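Visitor: heads up, no residue letters with this:
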Ligand code: GLN
């Protein structure tokens, strides 16, 4: 088999010329991204790293943050309490869908669509707004292993133009699905989406999840291991929005995408993988990102239901 770094280089070259898709523009600041940015990072549980392309280029984490905030409130409040506020049912609808609020159970469907994520964020514990911001940022820091910052211009851009998210929050307030100060919850949600990361950070975050919450580089426990099964389950069923089913079929590992062009995916007990490329398909997933993951799954057989390759196939294969 081709050594993994060579395989990654070839994969990168193969898709660097693929210019299908569009930059997200509904958040004006995101339209300033360079469509050529492209990066692939892999981090294994024993701390091996593989990187190709613009892996140090910073971008805002966007919807990928939803996974980590969900884990944070699961850890703080417990599964049953969180389930009362937000369900775990995929919608098959776009991420910003307004209509999908389950009025019967008085919950948004799942924490990976915006309505569910805003409800999840509203559960972040803390004394006051700045305490909640602080806790949220330190939570991210445990996963990436260094300080993180909010991109002020993206945050302001989202806050000023996020009418749809605001409408959703008001609708949820109307249905009794949200409590408390919704403007503060929205602010916190826009802020979590505006946390700056690079592709390498995302792979370390994914590897931390793959390692039951234990950061393989810093050795810090980022989240209680009991939360991992729950977050991987919702990533698997809901992480890629209305592409989640097809992704599960073709790639077969839990993942989460964001509108700035990142995709983070977890090979449980083996590795974290991230791809960054801001050109998006019409479901809001990175075009090159999806193709890279399809190729990787095809070549390394890490699809969870690909039983032909035995256990730990990915980590072993790339170590050679
Ligand atoms: N901040 C974005 C929004 O709320 C996140 C969406 C995404 O990444 N899919 O619209």
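Guide: Received it, and whenever you're ready, just let me know what you need. In this text the structure is predicted, and so the values were computed from the model without any measurement.
Visitor: lowest-confidence helix or strand of the protein?
Guide: strand 101-102 (a mean of 64; mean pLDDT, DSSP states H and E).
Visitor: ok, whatever helix or strand comes next after that strand: who's next to it in the sheet?
Guide: For strand 101-102, the following helix or strand on the C-terminal side (DSSP states H and E) is strand 107-108. Using DSSP bridges, the strands paired with strand 107-108 are strand 101-102 (antiparallel).
Visitor: those residues of the stretch 101-250 of the chain touching the ligand, which are they?
Guide: Taking C-beta under 6 Å from any ligand atom as the contact definition, the stretch 101-250 of the chain meets the ligand at 114, 158, 165, 193. All C-beta atoms are positioned from the backbone trio N, CA, C, and that covers glycine.
Visitor: and which of those is nearest the ligand?
Guide: residue 193 (3.6 Å; C-beta to the nearest ligand atom).
Visitor: with adjacent residues omitted, what lies nearest to that closest one?
Guide: Spatial nearest neighbour of residue 193, chain neighbours left out: residue 62 (5.0 Å); criterion: C-beta to C-beta, 6 or more residues apart in numbering.
Visitor: for residue 179, same thing?
Guide: residue 122 (7.2 Å).
Visitor: that neighbour contacts residue 177, doesn't it?
Guide: No. Look at residue 122 against residue 177 with C-beta atoms under 8 Å: they stay out of range, at 9.6 Å.
Visitor: quick check: neighbours shared by these two?
Guide: residue 85 (C-beta atoms under 8 Å, 6 or more residues apart in numbering).
Visitor: follow-up on the earlier one: drop anything exposed from the residues of the stretch 101-250 of the chain next to the ligand.
Guide: Burial by neighbour count, 16 or more other C-beta atoms under 10 Å: within these this picks out 114, 158, 165, 193.
Visitor: does the last one touch residue 59 like I think?
Guide: This means residue 193. No. With contact defined as C-beta under 8 Å, residue 193 does not reach residue 59; the gap is 11.3 Å.
Visitor: ok, the residue nearest to residue 193 - contacts?
Guide: With contacts defined as C-beta under 8 Å, 6+ apart, residue 62 is in contact with 193, 258, 259, 260, 262.
Visitor: looking at those residues, which are in helices?
Guide: Among those, the members found in helices (DSSP state H) are residue 193.
Visitor: can you list the contacts of residue 62 in JSON lines and add pLDDT?
Guide: Listed next are those as JSON lines, based on pLDDT from 0 to 100:
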{"residue": "193", "pLDDT": "98"}
{"residue": "258", "pLDDT": "96"}
{"residue": "259", "pLDDT": "95"}
{"residue": "260", "pLDDT": "97"}
{"residue": "262", "pLDDT": "98"}
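Visitor: which residue packs closest to residue 255, ignoring adjacent ones?
Guide: residue 265 (3.8 Å).
Visitor: kindly report the same for residue 85.
Guide: The nearest residue in space to residue 85 (C-beta to C-beta, 6+ apart) is residue 119, at 5.3 Å.
Visitor: same question, residue 235
Guide: Leaving aside its chain neighbours, residue 235 sits nearest to residue 254 (3.6 Å; criterion: C-beta to C-beta, 6+ apart).
Visitor: check residue 37 too.
Guide: residue 54 is the one closest to residue 37 (C-beta to C-beta, 6+ apart), at 5.0 Å.
Visitor: residues contacting that neighbour?
Guide: Contacts of residue 54 (C-beta under 8 Å, 6+ apart): 37, 38, 39, 199, 276.
Visitor: and it, how far from residue 289?
Guide: Using C-beta to C-beta, to the nearest Å, residue 54 is found at 13 Å from residue 289.
Visitor: got any residues that touch both of those two?
Guide: Shared contacts of residue 54 and residue 289, defined by C-beta under 8 Å, 6+ apart, comprise residue 276.
Visitor: how much space between the residue nearest to residue 37 and the ligand?
Guide: Separation of residue 54 from the ligand (C-beta to the nearest ligand atom, to the nearest Å): 19 Å.
Visitor: which phi and psi does that residue have?
Guide: phi -80, psi 60 (degrees, to the nearest 10).
Visitor: got the buried residues for stretch 19-29?
Guide: Those would be 21, 23, 24, 27, 29, for stretch 19-29 by 16+ other C-beta under 10 Å.
Visitor: correction: the previous question concerned stretch 307-320.
Guide: Buried positions in stretch 307-320, judged by neighbour count with 16+ other C-beta under 10 Å: 313, 314, 315, 317, 318.
Visitor: same deal with stretch 1-17?
Guide: In stretch 1-17, counting by 16+ other C-beta under 10 Å, buried: 4, 7, 8, 9, 11, 12, 15.
Visitor: which SS state does the third one fall under?
Guide: This points to residue 8. Three-state call for residue 8 (DSSP: H, G, I helix; E, B strand; the rest coil): helix.
Visitor: contacts only, for it.
Guide: By C-beta under 8 Å, 6+ apart, the neighbours of residue 8 are 40, 42, 50, 52.
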